[in-house]
Each structure stands twice: as C-alpha cells, then as structure tokens.
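Peer 1: Prediction below, plus the sequence it came from.
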Amino acid sequence: MKKWSLRFRLTLATAIIITAIAVMLTLVSMYQTSFVAVQTASAVNVDDDFYAVEESVGVYGIADESISAAASMDDTLMEEYNADTAPVLGGYPSSTYSDGYTLPSSVAIVVQQFNETNLFFMCFIIGAGIIITWFALGRALKPVRDLSDKITGISENDLDVRITDFEAGDEINRLAHSFNHMLERLEGAFEAQKGFASAAAHELKTPLATIKASLDVLEIGDAPQVQEYERAAEVTRKQTERMIALVDDLFQVSMSQYDFKDSVNLAELVQDALQEQKPQIEDKKISVYLYDHTKNLLTGNAGMLSHAIGNVISNAVKYNKDKGTVSIHINQNEHDYTIKVSDTGIGIPEDQREKVFEAFYRIDSSRSRKVGGAGMGLAITKKMVDAHGGSVVILEGEDGGTSVKITLPKI
C-alpha cells in the first residue's frame, strides 16, 4: 500500500480541524438563533395580549375584523410555505418546543431559512478551506520537492557537488546546509577509503614483489646453489610473515562488533606486552619502569586493550635509542583510567601527531621499513580505544622523546 504524501496528510489534518470548528460554530449559531426567536416571540405575544385588552376598551380603535384578517393571512402564509417545502424539508417540526410553546409561522420560516443558510455556508467554508489548504501546502512544500530533486541528482561520483543556490526559508536552508555537511563527511570517508585501499594494496605488493624477485634469481641461474635456495626461502618466510601481520592488522581495523564484559587488569596487560618485547628491550639495553597506581579492574574487552597497549609499547621500544628508557604510569581516578607510555626515542613532530593515527601513515618511510611494520599500529590503537569511549593523544616526552596517553572511562 502506497503511503500518503506529506501534502495529503497535512491537508487531511487541516480539513478535520476546519470541519470540527465549522460544525461547532454552526450548531452554536443555530441554537442561539432558535433561543432568540423564542424569547422575541414570547415578548410579542405578551404585547398582543395587552393590545387585545386595550382594544376591548377602545383605546387603540383597532377593529376586531382587522385583527382577525391579519391572523388569517398569517395562517394562510404558513400553510402555503409548508405545502411548498414539506416535501423537501419535512415541514417545521422544530417550531414547536418541549415546553409546548409554538413559534408564530412567520418567525419559524425565518429561523428555518437562517439555519439553511448557516448549513450552506458551513459546507462552503469547509470545501473552500480544504481547497485553499491543498494549494497553499503545494506552494509551501515546493522548496522541499526542489531540494529533493537536487539531492536525487547527486550520486557517489558527485560527492564534491554542493547545494549552494538554494534560498527558500530558514528551515529549508538549514536542511540544505546539513545535507552539504553530510556530503563533506561522505566525501572525506570515500577519500579515506580509497587512500586506505591504495595503501593496503601497496603494502601487500611490496612483499609479493620481493618474493617474486627472489624466485627470479633462482630461475636465472643454471644450477642454483643450496645457499641461494636457503636465501630465497628466508626472504619468502619473512615477507610472508609481514603479509600475515598486515592482514591481521586489517582485520582488527575492520571489526565492528565487540564485547565489553571482561574484567581487565591493566598492569597485567602492560607486563604481557613488555614480555613480548623482551628480546628487543634486551638487545637495545632499554630500561623499563612501571608504576601501577590502580586498585580496581577495568571493565572492557581484554583482547582489544591488549592489542592497543601492545602497539604503543612496541613503538616505544622500536623507535627508542640504545640504552634509553621506557616509563609506564597507570593511574585511576573517580571517572577513568589512564596509561601513559613515555620513551626517550626520536620523538614525533608536533604537526604530525594527529596524522600518525591514520592507517599506513609513516613519518619517515625508510626508517619505518627498517624497523618493520606497515604504519597500522597507532591506527589500530585509536580505533580500539575509541570503541571503549576513551581517547589517545601524543604528547612531547622527556629528552625529545614521545609520550602516548590513553584514557579509558570506567564502564
């Protein structure tokens, strides 16, 4: 079943209101007219009785024959009117009231004509009101139809189009402005998606090209040595591990449904992450300091938080200098928990501290490739912290290093 249009629904609602008001006013008017007619006729009858008394003593000198003739004429007029209208209107039964009082025929005719006129104008006003409302709403809603037509003409390939030549009133203009704002966000999302897909393809293409080059080397030689096979196998293994890590990162970013019912000990998550980084920590002789000031467990998703915190600690170790330090402070207050990871590494320029949360973004591509990774770590951290309703920011650390502060609300 097709839904009624907004124009029809508004017209129907207005018609109901107009009809209710018109019927109420008509009924009140008809009742008031009948009431006034009864009161007036009663007063006239009292005067007629007074005139009859005066006539009996000859005060006015009006002949009985004249009064009788007038009364006879009034009765004749009533009979003729009822003869003409009774087939249509059914006579005038309302001229006789519950108290037994009967209106004079001439007054009853006037009352009935007045009521008929009231009913006619009531119907006319209702009909005219509905018609005027229909056309007025059509004109009032025309800007909405025009805006709808312009919006319909915008496809996924025209997200750079904006509705700029639209002036139709405050409400419609605000709607057009809101739609333009939505287009800006959609355009940004589409561009980010394209950039993400391009970067992902590039990251996958690099290890595949490396593997292909190793195989080509083996194919060129007439009799490759065992060492060459071993070298090719080692390259293939490393590049395969790199692609697996990248696919895992992409999977983490694409997840949309999570469970936040785990009781999480943040200090344990940090210790687990440090244990995973133990070989790199020992190789670079980095000193690690952990300060835990929490007393309660955090409610959240343990796997997500482990991944998020692990990425931050991994960066603090990878981009730190030899014999540097990593300080980790875990605190809680009335409303949230904070994990602050500070290192003495190379630091992040202030103008790039927001960009590092973008997928595949690298401050120095050559440096990032040397230490490994695809530039997805902080992007994943931000997504997972945001999913908990928290925030992650990068601050300037001591000795030119970096401090990453994660804030998680108590759930």
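Peer 2: Happy to help now that I have it.

Peer 1: Would you report the backbone torsion angles of Lys285?
Peer 2: Dihedral pair for Lys285: phi 50, psi 50, per degrees, to the nearest 10.

Peer 1: how near is it to Ser148?
Peer 2: Distance, Lys285 to Ser148, by Cβ to Cβ, to the nearest Å: 67 Å. (C-beta placed from N, C-alpha, C; glycine too.)

Peer 1: For burial, what's the neighbour tally of Cys123?
Peer 2: 13 (other Cβ atoms under 10 Å).

Peer 1: How about the helix or strand hosting it, which residues are buried there?
Peer 2: Assigning secondary structure by DSSP states H and E places Cys123 in helix 105-140. Residues of helix 105-140 classed as buried: 105, 107-109, 111-112, 115, 118, 122, 125-126, 129-130, 133-134, 137 (neighbour count, 16 or more other Cβ atoms under 10 Å).

Peer 1: Same question for stretch 137-152.
Peer 2: 137, 141, 143, 147.

Peer 1: Now do the helix or strand that the helix holding Cys123 is followed by: which elements does it pack against?
Peer 2: Downstream of helix 105-140, the next assigned helix or strand under DSSP H and E is helix 142-152. If contacts are counted by 3 or more Cβ pairs under 8 Å, 6 or more residues apart in numbering; DSSP states H and E, helix 142-152 sits against helix 170-220.

Peer 1: What helices and strands are in contact with the helix it packs on?
Peer 2: Secondary elements touching helix 170-220 (3+ Cβ pairs under 8 Å, 6+ apart): helix 142-152, helix 226-254.

Peer 1: how about those in a markdown table, adding mean pLDDT and distance to Glu398?
Peer 2: Output for these, formatted as a markdown table (pLDDT from 0 to 100; distance: least, Cβ to Cβ, whole Å):
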| stretch | mean pLDDT | distance to Glu398 |
| --- | --- | --- |
| helix 142-152 | 81 | 53 |
| helix 226-254 | 80 | 30 |
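
Peer 1: Let me have these in TSV, extended by distance to Asp336.
Peer 2: Supplementary listing: those in TSV, determined by distance: least, Cβ to Cβ, whole Å:
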stretch	distance to Asp336
helix 142-152	41
helix 226-254	23
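
Peer 1: my guess is His329 contacts Thr294, does it?
Peer 2: No - judged on Cβ atoms under 8 Å, His329 makes no contact with Thr294 at a distance of 10.4 Å.

Peer 1: List the buried residues for stretch 164-183?
Peer 2: 166, 172, 175-176, 179, 183.

Peer 1: for those, which one is nearest Gly300?
Peer 2: Comparing the buried residues of stretch 164-183 against Gly300 with Cβ to Cβ picks out Leu183 as the nearest, at 35.1 Å.

Peer 1: For that closest one, give me its contacts.
Peer 2: Applying Cβ atoms under 8 Å, 6 or more residues apart in numbering, we find Leu183 in contact with 154, 159, 161-162.

Peer 1: give me that answer again for 6 Å
Peer 2: Listed by Cβ atoms under 6 Å, 6 or more residues apart in numbering, the contact set of Leu183 reads Leu159.

Peer 1: begin at 191 from here
Peer 2: Okay, using 191 as the starting number, the last item reads as Leu373.

Peer 1: Model confidence score at it, please.
Peer 2: In this model, Leu373 is scored at 85, pLDDT.
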